[in-house]
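[1] Sequence and predicted structure, then a few things I'm wondering about:
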Number of protein chains: 2
Amino acid sequence: MVNAFNPATAEGLAHETRQMIDKRMRLLGPAYRLFYQTPVQVVKGSGVLLWDAEGNEYLDAYNNVVSIGHAHPRVAAAVHEQMQTLCTHTRYLQPGILKYAEQLLATFGGAVGVAGHVMFTCTGSEANDLALRIALHHTGKRGIIVTEEAYHGNSHLTAGFSPSLGISSPLGTWVRQVPAPDSYRFSPEELGRKMAADVQVQIDDLQRHGDGLAAFIVDSMFSSDGVYGHPTSLLAPVAEVVRKAGGLFIADEVQSGFGRTGEKLWGFQRHGIDPDIVTMGKPMGNGFPVAAIAVRSEVVAGFGSSMRYFNTFGGNNVAIAAAQATLDVIQEEDLVRKSGRIGRLLREGIAQLASQFEIIGDVRGSGLYTGVELVSDRALKTPNAAAATAVVNGLRQRRVLISATGNHANILKIRPPLVFGEQHVDRFLTELEYVFRRLPK
Amino acid sequence: MVNAFNPATAEGLAHETRQMIDKRMRLLGPAYRLFYQTPVQVVKGSGVLLWDAEGNEYLDAYNNVVSIGHAHPRVAAAVHEQMQTLCTHTRYLQPGILKYAEQLLATFGGAVGVAGHVMFTCTGSEANDLALRIALHHTGKRGIIVTEEAYHGNSHLTAGFSPSLGISSPLGTWVRQVPAPDSYRFSPEELGRKMAADVQVQIDDLQRHGDGLAAFIVDSMFSSDGVYGHPTSLLAPVAEVVRKAGGLFIADEVQSGFGRTGEKLWGFQRHGIDPDIVTMGKPMGNGFPVAAIAVRSEVVAGFGSSMRYFNTFGGNNVAIAAAQATLDVIQEEDLVRKSGRIGRLLREGIAQLASQFEIIGDVRGSGLYTGVELVSDRALKTPNAAAATAVVNGLRQRRVLISATGNHANILKIRPPLVFGEQHVDRFLTELEYVFRRLPK
């Protein structure tokens, strides 16, 4: 994992921090990772700010789950009211889940919006797992195509098509990868031709192996591939070859949904496509565990009638209350448009720094999802992972939280709550410049 | 699904209920099921009581998730405090998750208790999915053995070893089933010999097919198989043959854990076994989505170091606050012992009704988990599914909520919150007798 704390460097940490890390290893085991060379103990949050145990304030430029801000009073109040009233499952009739599902479906447009269904889970992994179960059932095929460094979940099935989990985590034999659209190294025209052609090659290979194509699943911001927000002309041709092969197009909106791209509520809408299934999670309840899929009715008809689906906590009253409050705030406060403007300001500011710092190779993104590619040679565009690590940890020492991504671990991932303001952009740029200025030459 | 609402019988329902069911079908699609011939719209809960939209009160003798009672003020307060403070993930240091993990681990005993780790997920399905991913990785085998009507989850992997989902839901080719311990039709001595022998036959078959044994996973109350709380001498011999074949023993405590059996906090402890992995969910946060596995450290060492595991919402601050409050209440209020006593009272009461009603074939269970097998012929022990459906729906009309289970759908499943009191037992028995008395002959 990019930006994981390395226990080998624990020596220099404060005694209390080391003790807590040891206790954590003893109780939670070796599968858990911490962020940063000096892990942060956060104890409080509000808006885009976090505080640690010593009362130090941090600027949160990373957490996309709390998209309307940490500890949002409206979500807290909605959850509290519902927790005091009733928290139960979907095998009783309840109007709240129907109101929310209707409001949500109205945002999609296309086939899903016109005659789709919403099915609730608790996590994005569960949503992607369910989407693929439905795709496998509907198509009778089992091939799945993803991007090279995709991440779609932690269940057995979804981990099997999440190459970003690393080479120790086996992919399914029926999984194929295509390169992410590297807009820094290829021209938009080339990428436009390339991706659909790459997908077609993998479809042919799946058919050759008798698996056929069940689905192509994609995060339209290519988050773990390196954050590629443009061009937006890519996915329509891909959808075409996928459909032609009888496969489903699944838009994984766990990262790019609910306004993250600052242009549309859903990432796929920027690409002008009409997916068969949309999956969503992370920011859906502003931190409350709630996720979902929206699916064209024909696609789920067979699965639904012969297989049923029940998720004990999925769509419970409190989860719906949290999701309702979050969606209301996003819509009422026009956060898509606002965060879109702030995201542009942020990227303009970073692009200006690029005139001073040769290390900045590319600044890209959409809305409040920004990737900054660091390179050791601008002409050759050589990935500079060491610099990315230094910047991420340097910012952490300046109490600004971001992370890094990409298969070369050299891309800064900047992804604050949607309520990031101009003053936060200023603070962020000041600290980023401070850190860049002190990077080892 | 036993006890599902059948849309074909919707004719007789109130106009408003029919409208809500239609809207639900349109928005949530065909995979969702409702309970009862006349579905219930619940709007409020407190303790073991629920209220519908018209203000009618129901006795909840079914919901095991809200194990310390609906809308428990202590859980609501803990969740509210934490929601107003911080809700974030496990890649920052936090003391709360460590305190809870330590308190939880101390309850297991055995290898997991002495040197085990806790890993947090959001749902029991995720917990079982993760447990099996670890088992597959640790053993390098892929065979999984379950009971005949087991239910272990809704993910692709766990649905593949959940035969209770029905014949349309395919089992993995590496999954084998063994009969549940039918204590009504076999003597304890026979069952003791039988189950370990049955498991051995399936181990041999898995080895013959080149899959080998990764794990035997079992709910020690055999919830979806028909609720078999006794004999408790069964699982130790099974664990022995499983270990001998190199497989892991996984205790699925999603149903039987957190005091449900009224004797021990964990169902496996009644069988005197020492599992390799324990999975838990449903009542863990009294309705808040939180679940976990506890695993022997050697078993997760390889998976943890090479594969990492991250669950965005799993173990977040609010989930931990809910789980902490729930466990504290169970322990401080001695709910295991108390609910054990109430469960015995309940079964004694039902057993007394058996002298009047020939239809009652068997009354069994442990703690507040009771199965009542209905038969059309006591001598032949012929399952009577129609009677079970009639009793479940009859009780619903009397505003008492239970359900039914078993592969013949003839077993009443009575599983109230752990705070069920003597007065609730009285009310339950009164209504049950009322319904039995009016059953069609």
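    Great, that's in hand.
[2] With only the CA atoms kept, save stretch A:109-123 in PDB.
    Provided in PDB are the C-alpha atoms of stretch A:109-123 (Å, rounded to 0.1, in the frame of the first residue of the first chain):
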ATOM      1  CA  GLY A 109     -31.200   9.500 -15.700                       C
ATOM      2  CA  GLY A 110     -30.900   6.800 -18.400                       C
ATOM      3  CA  ALA A 111     -32.300   3.300 -18.100                       C
ATOM      4  CA  VAL A 112     -31.500   3.000 -14.400                       C
ATOM      5  CA  GLY A 113     -33.200   6.300 -13.600                       C
ATOM      6  CA  VAL A 114     -36.300   5.600 -15.700                       C
ATOM      7  CA  ALA A 115     -37.000   2.000 -14.500                       C
ATOM      8  CA  GLY A 116     -34.300   0.900 -12.200                       C
ATOM      9  CA  HIS A 117     -34.300  -0.500  -8.700                       C
ATOM     10  CA  VAL A 118     -32.200   0.400  -5.700                       C
ATOM     11  CA  MET A 119     -30.800  -2.400  -3.500                       C
ATOM     12  CA  PHE A 120     -29.100  -1.500  -0.200                       C
ATOM     13  CA  THR A 121     -25.900  -3.000   1.300                       C
ATOM     14  CA  CYS A 122     -23.600  -1.700   4.000                       C
ATOM     15  CA  THR A 123     -20.300  -1.300   2.100                       C
END
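[3] Briefly note if that stretch comes near chain B.
    Yes. Residues of stretch A:109-123 contacting chain B under Cβ under 8 Å from any Cβ of the partner chain: A:H117, A:V118, A:M119, A:T121, A:C122, A:T123. No exception for glycine: its C-beta is placed from N, CA and C like everyone else's.
[4] Which residue does the stretch 251-400 of chain A have closest to chain B?
    A:G304 (3.2 Å; Cβ to the nearest Cβ).
[5] count of neighbours near that residue?
    By other Cβ atoms under 10 Å in any protein chain shown, 23 other residues sit near A:G304.
[6] Now do whichever helix or strand it is part of: distance to the chain's middle.
    Using DSSP states H and E, A:G304 sits within helix A:297-307. Relative to the centre of its chain, helix A:297-307 is centred 28 Å away, using Cα atoms, centre = their mean, to the nearest Å.
[7] Confirm for me that A:A71 is in contact with A:V48.
    No. Using Cβ atoms under 8 Å, A:A71 is not in contact with A:V48, being 11.4 Å away.
[8] Between these two, point out the one with more neighbours.
    Between A:A71 and A:V48, A:V48 has the larger neighbour count (other Cβ under 10 Å), namely 24 against 20.
[9] wait, isn't the more buried one in contact with A:H424?
    Yes. With contact defined as Cβ under 8 Å, A:V48 counts as touching A:H424 (5.5 Å).
[10] shared neighbours of the two, anything?
    A:L59, A:A61, A:P416 (Cβ atoms under 8 Å, 6 or more residues apart in numbering or on different chains).
[11] now, which of those sits nearest B:A14?
    B:A14 has its nearest neighbour among these in A:P416, at 49.0 Å by Cβ to Cβ.
[12] Not counting sequence-adjacent ones, nearest residue to A:L345?
    A:V425 (5.1 Å; Cβ to Cβ, 6 or more residues apart in numbering or on different chains).
[13] Okay, the one you found and A:I320: tell me how far apart.
    Per Cβ to Cβ, to the nearest Å, A:V425 is found 34 Å from A:I320.
[14] what's the burial count for the closest residue in space to A:D52 that isn't next to it in sequence?
    Of all residues not flanking A:D52 in the chain, A:Q41 sits nearest, at 5.4 Å (Cβ to Cβ, 6+ apart). By the criterion of other Cβ under 10 Å, A:Q41 has 15 neighbours.
[15] Is A:Q41 in contact with A:A14, as I believe?
    No. The criterion here is Cβ under 8 Å, and A:Q41 misses it with A:A14 at 10.1 Å.
[16] and the residue of the stretch 251-400 of chain A closest to chain B, what does it touch?
    A:H117, B:G29, B:P30, B:A31, B:Y32.
[17] go on, A:W174?
    Counting by Cβ under 8 Å, 6+ apart, the residues that A:W174 touches are A:R142, A:G143, A:I144, A:L206, A:H209, A:D211.
[18] and stretch A:159-166, how far out from the chain's middle?
    With Cα atoms, centre = their mean, you get 14 Å for stretch A:159-166.
[19] hmm, back to that, just the pLDDT at the residue nearest to A:D52, thanks.
    If you check A:Q41, the pLDDT there is 96.
[20] now swap in the one 10 residues further on and tell me
    As predicted, A:W51 sits at a pLDDT of 98.
[21] contacting residues around the lengthiest helix in chain A?
    The longest helix of chain A (DSSP state H) is helix A:188-208. Helix A:188-208 is touched from outside by A:141, A:143, A:145, A:174, A:176-179, A:181-183, A:186, A:212-213, A:216, A:230-231, A:233-235, A:237-238, A:240-242, A:245, A:247, with contacts defined as Cβ under 8 Å, 6+ apart.
[22] what about 7 Å?
    Residues outside helix A:188-208 that contact it (Cβ atoms under 7 Å, 6 or more residues apart in numbering or on different chains) are A:143, A:145, A:174, A:176, A:178-179, A:181, A:183, A:186, A:212-213, A:216, A:231, A:233-234, A:237-238, A:240-242, A:245.
[23] now stretch A:227-244
    Stretch A:227-244 is contacted from outside by A:180-183, A:188, A:191-192, A:195-196, A:199-200, A:203, A:213, A:216, A:218, A:220-222, A:249, A:261, A:270-273, A:364-366, A:369-371, A:405, A:411, A:413, using Cβ under 7 Å, 6+ apart.
[24] Give the buried residues for it.
    Buried residues in stretch A:227-244, counted by 16 or more other Cβ atoms under 10 Å in any protein chain shown: A:V227, A:Y228, A:G229, A:P231, A:T232, A:L234, A:L235, A:P237, A:V238, A:A239, A:V241, A:V242.
[25] Quick check on A:V425 and A:I320: which one has the bigger neighbour count.
    Between A:V425 and A:I320, A:I320 has the larger neighbour count (other Cβ under 10 Å), namely 25 against 21.
[26] quick check, the more buried one in a helix?
    Yes. In this structure, A:I320 lies within a helix as judged by DSSP: H, G, I helix; E, B strand; the rest coil.
[27] Any figure for the gap between it and B:Q423?
    Distance, A:I320 to B:Q423, using Cβ to Cβ: 32 Å.
[28] Same check on A:A115?
    According to Cβ to Cβ, A:A115 stands 49 Å off from B:Q423.
[29] do the same with A:K413
    Plainly put, A:K413 is 57 Å away from B:Q423 if you go by Cβ to Cβ.
[30] Looking at these two now, which is surrounded by more residues?
    More neighbours surround A:K413 than the other of A:K413 and B:Q423, with 25 against 10 (other Cβ under 10 Å).
[31] What separation is there between that one and chain B?
    Using Cβ to the nearest Cβ, to the nearest Å, one gets 13 Å for the distance from A:K413 to chain B.
[32] Now do the buried residues in the helix holding A:G304.
    Within helix A:297-307, the residues scored as buried using 16+ other Cβ under 10 Å are A:S297, A:V299, A:V300, A:A301, A:F303, A:G304, A:M307.
[33] do the same with stretch A:205-213
    Neighbour-count burial for stretch A:205-213, counted by 16+ other Cβ under 10 Å, picks out A:L206, A:D211, A:G212, A:L213.
[34] Out of those, which comes closest to chain B?
    Chain B lies nearest to A:D211 out of those, by Cβ to the nearest Cβ, at 15.3 Å.
[35] my guess is the closest one meets A:G140, correct?
    No. If you go by Cβ atoms under 7 Å, A:D211 and A:G140 don't touch, sitting 10.9 Å apart.
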